[in-house]
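Novice: generate a structure from the sequence data that follows.
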Amino acid sequence: MTALNEGWFTEIFQDEGTAFSLKVKGKLHEEQTPFQKIAIWETETFGNLMTIDGCVMLTTRDNFLYHEMMAHPALFTHKDPRKVVIIGGGDCGTLREVLKHPGVEEAWQVDIDERVTRLSEQYFPELCESNDDPRANLFFGDGIQWMRDVEPESIDLIIVDSTDPVGPAEGLFAADFYRDCMIALREGGMVVQQSESPLLHADSIIRRAREDMLKAGFDHVMTLPFPQPVYPTGWWSCTMAGKNKPLQYFREEDADERPFVTRYYNKAIHHAALAQPQFMVDLFEG
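Specialist: As a prediction, this is how the structure comes out:
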């Protein structure tokens, strides 16, 4: 639910009894695609804002937190990630972070709605600066079906950069989808799923995702919290699942000597994200 009052865009989380607001200068664009309603706003302090069906997707100011944490912890955990697939991620920010890794030979972005990408190219061009990289492949279609059809044991890392688990993204939070990911991954492969707010969703969305990943055959699951100011509670997470227990590895030296610039991620942040709040230890390991 959203409201616009006296120059403020407000996303209301009715069930949780909370809301988030940004002061806006005006609406830059709005359209209804075959899949969803996309709007672009100019804000006073967070740059441009993209919403989908009234829900905040990203802003210019703080998207680096999410995109870096969706990409780099997993990429520096996998021993040798060469082929990466992003399901969703139409704004291309995660794709940009993935392609900062020189060892990645091939990256696929599979998003159902091409208009998210085209509007990002217009209003968030900094996120799309790697779209012309020869290693980048943009495919617009159903990510669930794409994963069913992909060659078995052909992928090193799958990043599920999806919207909330409703509408087109609902099937991305399911054991059947994770089984397809298992089949598609090479030995030592990993999947990382954006997994919502630890404060609001630990006992619902995060718990179910972890259980479904284990049911699908993954033998190691780990949830990494990180800050994300424009999302509900300002505290977000991704959940990594490993095939053949790869999550015990962390290429610390490679992360410390990474040949590219990050704004949030570094070796210490990686270690910090692995430290679990006590309520999550009690919930998932107790």
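Novice: got the contact list for Glu30?
Specialist: Neighbouring residues of Glu30 by Cβ atoms under 8 Å, 6 or more residues apart in numbering: 37-40. C-beta here means a position set from N, CA and C on the backbone, and glycine is covered the same way.
Novice: just the buried residues of these.
Specialist: By neighbour count, with 16 or more other Cβ atoms under 10 Å, these hold 38-40 as buried.
Novice: could the contacts of Glu30 go into TSV alongside pLDDT, secondary structure and distance to Gln276?
Specialist: What follows is the contacts of Glu30, written out as TSV (pLDDT from 0 to 100; DSSP: H, G, I helix; E, B strand; the rest coil; distance: Cβ to Cβ, whole Å):
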residue	pLDDT	secondary structure	distance to Gln276
Lys37	96	strand	37
Ile38	97	strand	35
Ala39	98	strand	36
Ile40	98	strand	36
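Novice: may I see the residues you listed organised as CSV, with distance to Asp15 added?
Specialist: Supplementary listing: these in CSV, determined by distance: Cβ to Cβ, whole Å:
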residue, distance to Asp15
Lys37, 21
Ile38, 24
Ala39, 22
Ile40, 27
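Novice: closest to Tyr178 among those residues?
Specialist: Comparing the contacts of Glu30 against Tyr178 with Cβ to Cβ picks out Ile38 as the nearest, at 27.8 Å.
Novice: distance of that closest one from Phe64?
Specialist: 21 Å (Cβ to Cβ, to the nearest Å).
Novice: quick one, strands of the stretch 151-286 of the chain?
Specialist: Secondary structure of the stretch 151-286 of the chain (DSSP state E, counting those that start in this stretch): strands located at 155-161, 185-194, 220-227, 235-242.
Novice: and Gly103, which of the ones you listed is closest to it?
Specialist: When the strands of the stretch 151-286 of the chain are ranked by proximity to Gly103, the top entry is strand 155-161, at 9.8 Å, counting by Cβ to Cβ.
Novice: contact partners of that closest one?
Specialist: Taking Cβ under 8 Å, 6+ apart as the rule, strand 155-161 contacts 70-71, 74-75, 78, 80-89, 94, 98, 147, 172, 181, 184-186, 188-194.
Novice: could you do stretch 255-272 as well?
Specialist: The set of residues that contact stretch 255-272 without belonging to it, under Cβ under 8 Å, 6+ apart, is 64-65, 68-69, 72-73, 76, 100-102, 226, 250, 252.
Novice: domain parsing of this protein, as residue ranges.
Specialist: Each domain of the chain is listed here as a residue range: 2-59, 63-285, per automatic domain parsing.
Novice: next, count neighbours for the closest residue to Glu44 other than its chain neighbours.
Specialist: The shortest distance from Glu44 to any residue that is not its chain neighbour, by Cβ to Cβ, 6 or more residues apart in numbering, is 4.2 Å, and that residue is Lys23. Applying other Cβ atoms under 10 Å, we find 12 other residues in the vicinity of Lys23.
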